[in-house]
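>>> coords please:
(one chain, ligands or ions: 1)
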Amino acid sequence: MSRLIVISNRVSAGGGAQGGLAVALSAALREHGGIWFGWSGNETSEFTGHINMERIDGVTTATVDLEEQDIEEYYDGYANRTLWPLFHYRIDLAEYERSFADGYRRANERFAETALPLIEPDDLVWVQDYHMFPLGRELRARGVENRIGFFLHIPWPPRRLLATLPEARALTESLLAYDLIGFHTDEWLQSFGDYVSHELGGTIDDDGWLTVGERRLRLIACPVGIDAKEFAALAASEKARETFERVRVSAVGRTLIVGVDRLDYSKGLEERFLGYERFLTEHPEERKEVTLLQIAPPSRGTVDSYQRIRSNLEGLAGRINGAHAGLDWVPIRYVNQGYTRDMLAGVYRASKVGLVTPLRDGMNLVAKEYVAAQDPEDPGVLILSRFAGAAEQMPEALLVNPHSAEEISDALGRAIRMPREERIRRWRALMNGVEEQDVMWWSKRFTDALQDCQQPTCGTMER
Ligand code: GDG
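Alright, predicted model coming up:
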């Protein structure tokens with residue numbers, strides 16, 4: 001078995017905020033042996049390429065510090081202000097600045113330069129996500145002939161939206177340096193294929209082989225999952241039980257609806273609040289019988305659009321509560337704070353409805369965690385956006401258009417009244433999927449496919 005080199009913006013061996021994903025990548029690294037390389041999260045006054053090696057829970061990590069300018073232009077700039085909004089279809093929020101594109105290229109060159117000595121001839125190299133699109137090409141330019149795979153954790157936008165990015169073509173071309181590219185869903189894969197065939201003259205066969213000129217590489221849809229076993233164990237933990245009780249008691253017999261999201265405009269929080277408000281107005285009889293608990297830890301607070309969404313949401317929650325609250329009831333409990341994963345498991349289990357309504361999401365792991373945390377005898381109902389990648393795998397959820405307050409309101413009414421047998425039937429089907437296609441399945445499927453990319457079958461182009 002080949003060693004594995006995982007390269008991602010941040011390295012989170014040993015768990016951390018990424019939860020299941022970090023667990024899966026760490027497990028893959030333990031199995032294959034190898035190194036997890038990325039940015040340390042720290043700033044240095046002058047980039048030296050010095051690597052800090054550590055051993056964390058049986059995984060070797062290698063991290064490098066970046067200069068302030070790199071962090072501003074590559075991370076805050078191109079990754080968070082340009083690519084993230086564009087790839088979530090928000091060209092109204094995307095900022096196109098040459099300095100960001102230059103910083104992004106420079107940071108990727110620096111990553112490639114620094115990672116180079118870590119890579120041995122037979123290693124599999126697995127690059128993660130939109131921070132690192134050009135990394136494969138930078139490694140090739142430095143003579144790396146290994147199998148290199150790339151996985152995109154966010155959607156691939158429609159061709160005509162992507163075309164608004166000045167570097168769209170160069171960025172997409174840089175991806176041809178990989179041997180394998182993974183997306184969460186067929187939809188994102190087809191969207192990529194659409195751009196490549198229209199703009200680069202590529203063709204894709206039924207097995208996902210993409211040919212562009214002399215270059216041949218493989219595309220796969222490989223949906224990420226959660227560590228379902230870990231999550232079930234978390235849900236059974238003392239801390240989860242304690243949180244479950246606390247949350248249940250605080251709801252005083254009302255039906256609890258839960259949302260858990262990073263505070264991000266892609267997650268559809270404003271539309272969700274408006275849908276819930278619609279439900280309160282359309283179903284006066286249900287008023288005071290329900291409470292929405294929205295947990296939304298702030299993220300990317302240095303970016304203006306994140307500050308705006310935060311203040312918009314505060315205003316909206318305040319207005320809805322002001323209009324509908326009574327002496328002993330507030331309709332929305334809006335919490336701007338993160339909780340530990342075992343506490344989250346308890347919150348999910350205490351909630352009869354999981355409300356997951358992103359406007360666009362590569363996958364969405366909260367939907368899967370909500371399912372995994374339920375009581376099999378008395379499970380809650382998942383309401384899920386059609387525009388989350390997870391919807392492809394989770395048709396037994398109540399699927400809604402997150403832009404429609406009416407659909408959210410109708411789904412809430414249906415979820416709250418759903419008979420127990422129907423809840424169990426839907427949950428069982430969802431849970432089977434969550435258990436079978438878990439995060440270990442995902443990482444194995446990707447690394448197996450990459451391992452199978454034997455040269456010269458994959459990638460016969462001159463480099
Ligand atoms: C990107 C893609 C794709 C949230 N609040 C707390 C907390 N969380 C955890 C959740 C979940 C994770 O954060 C969020 O994962 P998502 O998948 O929902 O969304 P993104 O962060 O946008 O992730 C996404 C994912 O990558 C993987 O490929 O699914 O589409 O956008 O695990 O539980 N965790 C803790 N406290 C919180 O308050 N501990």
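
>>> tell me the secondary structure for the residue of the stretch 101-250 of the chain found nearest the ligand?
Relative to the ligand, the nearest point of the stretch 101-250 of the chain is His153 (3.6 Å; CB to the nearest ligand atom). Heads up, the C-betas are built off the backbone N, CA and C, glycines and all. Secondary structure assignment for His153 (DSSP: H, G, I helix; E, B strand; the rest coil): coil.

>>> can you give me the neighbour number for it?
Using other CB atoms under 10 Å, His153 is surrounded by 19 other residues.

>>> that one is in contact with Cys222, isn't it?
No: applying CB atoms under 8 Å as the test, His153 and Cys222 come out as separate, 11.1 Å apart.

>>> and for the two, which residues touch both?
In terms of CB atoms under 8 Å, 6 or more residues apart in numbering, His153 and Cys222 are both contacted by the residues His184.

>>> show me what contacts Arg414?
For Arg414, the contacting residues are Leu398, by CB under 8 Å, 6+ apart.

>>> which helices and strands does the lengthiest helix in the chain pack with?
For the chain, the helix with the greatest residue count under DSSP state H is helix 304-324. Helices and strands touching helix 304-324, by 3 or more CB pairs under 8 Å, 6 or more residues apart in numbering; DSSP states H and E, are helix 269-282, strand 332-335.

>>> confirm Ala62 sits in a strand?
Yes: counting by three-state DSSP, Ala62 is located in a strand.

>>> and it, how many residues sit next to it?
Residues near Ala62, counting by other CB under 10 Å, number 20.

>>> after the worst-scoring helix or strand of the chain on mean pLDDT, which helix or strand is next?
Within the chain, no helix or strand scores below helix 20-32, which has a mean of 83 by mean pLDDT, DSSP states H and E. Scanning forward in sequence from helix 20-32 by DSSP states H and E, the next helix or strand is strand 34-44.

>>> what angle do that next one and helix 20-32 make?
Angle between the axes of strand 34-44 and helix 20-32 is 130 degrees (criterion: axes from the mean of the first three to the mean of the last three CA atoms, to 10 degrees).

>>> list the buried residues of strand 34-44.
In terms of neighbour count (16 or more other CB atoms under 10 Å), strand 34-44 has its buried residues at 34-40.

>>> again with stretch 53-70
Here stretch 53-70 shows 59-67, 69-70 as buried, counting by 16+ other CB under 10 Å.

>>> before we move on, back to that, can you list the buried residues of strand 34-44 in TSV and add distance to the ligand and pLDDT?
Listed next are the buried residues of strand 34-44 as TSV, based on distance: CB to the nearest ligand atom, whole Å; pLDDT from 0 to 100:
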residue	distance to the ligand	pLDDT
Gly34	20	94
Ile35	21	97
Trp36	16	96
Phe37	19	97
Gly38	15	96
Trp39	17	96
Ser40	20	95
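
>>> wait, which of the residues you listed is closest to Gln454?
Gly34 (19.1 Å; CB to CB).

>>> next, the contact list for the closest one, please.
Contact partners of Gly34, counting by CB under 8 Å, 6+ apart, are 3-6, 60, 123.

>>> most widely separated two among the residues you listed?
Farthest pair in the contacts of Gly34, by CB to CB: Thr60 and Asp123, 12.5 Å.

>>> show me the helices in the stretch 151-300 of the chain, by range?
Residue ranges of the helices in the stretch 151-300 of the chain, as given by DSSP state H, counting those that start in this stretch, are 159-162, 168-174, 186-200, 228-235, 238-250, 269-282.

>>> confirm Phe150 sits in a strand?
Yes: assignment of Phe150 by three-state DSSP places it within a strand.

>>> that one against Tyr130, yeah?
No: assessed by CB under 8 Å, Phe150 is found out of contact with Tyr130, at 9.9 Å.

>>> mean pLDDT for the helices of the stretch 151-300 of the chain: which is lowest?
Sorting those by mean pLDDT places helix 228-235 lowest, at a mean of 89.

>>> between that one and helix 238-250, how many degrees?
Angle of helix 228-235 versus helix 238-250, following the same axes, to 10 degrees, is 60 degrees.

>>> which positions within helix 228-235 qualify as buried?
Across helix 228-235, burial judged by 16+ other CB under 10 Å covers 228, 230-232, 234-235.

>>> I'd like those residues laid out as JSON lines, including distance to the ligand.
JSON lines is the format used below for the buried residues of helix 228-235 (distance: CB to the nearest ligand atom, whole Å):
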{"residue": "Ala228", "distance to the ligand": "13"}
{"residue": "Glu230", "distance to the ligand": "11"}
{"residue": "Phe231", "distance to the ligand": "9"}
{"residue": "Ala232", "distance to the ligand": "15"}
{"residue": "Leu234", "distance to the ligand": "10"}
{"residue": "Ala235", "distance to the ligand": "12"}
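
>>> can you put those in a markdown table and add distance to Leu313?
A markdown table is the format used below for the buried residues of helix 228-235 (distance: CB to CB, whole Å):
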| residue | distance to Leu313 |
| --- | --- |
| Ala228 | 31 |
| Glu230 | 30 |
| Phe231 | 27 |
| Ala232 | 32 |
| Leu234 | 27 |
| Ala235 | 28 |
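
>>> ok, back up a step: the least confident helix or strand of the chain: how far from the chain's middle?
17 Å (CA atoms, centre = their mean, to the nearest Å).

>>> who's more crowded, Phe150 and Tyr130?
Using other CB under 10 Å, the more surrounded residue of Phe150 and Tyr130 is Phe150, with 27 against 22.

>>> bridging residues for that one?
Applying DSSP bridges to Phe150 yields these beta-bridge partners: Val127, Ile181.

>>> could you pull up the residues touching it?
126-128, 132-133, 136, 175, 178, 180-182.

>>> does Phe133 really touch Ala177, like I thought?
No: with contact defined as CB under 8 Å, Phe133 and Ala177 do not form a contacting pair (9.9 Å).

>>> shaky segments in the stretch 1-150 of the chain?
The model of the stretch 1-150 of the chain has pLDDT under 70 over residues 14-20.

>>> can you map out the strands along it?
For the stretch 1-150 of the chain, the strands defined by DSSP state E, counting those that start in this stretch cover 4-10, 34-44, 52-56, 59-67, 124-128, 147-151.

>>> got the residues of the stretch 201-350 of the chain near the ligand?
Applying CB under 6 Å from any ligand atom, we find that the stretch 201-350 of the chain lies next to the ligand at 224, 260, 262, 295, 297, 338-341, 344.

>>> go again using 5 Å as the cut-off
224, 260, 297, 338-339, 341 (CB under 5 Å from any ligand atom).

>>> quick one: which two of the residues you listed are the most distant?
Val224 and Tyr339 (22.0 Å).

>>> tell me which of the two has more neighbours.
Val224 (25 against 16).

>>> next, the contact list for the more buried one, please.
Counting by CB under 8 Å, 6+ apart, Val224 makes contact with 21, 153, 184, 363, 365, 439, 442.

>>> 10 Å instead, please
Going by CB atoms under 10 Å, 6 or more residues apart in numbering, Val224 touches 20-21, 24, 151, 153, 182, 184, 362-365, 368, 389-390, 437-439, 441-443, 446.
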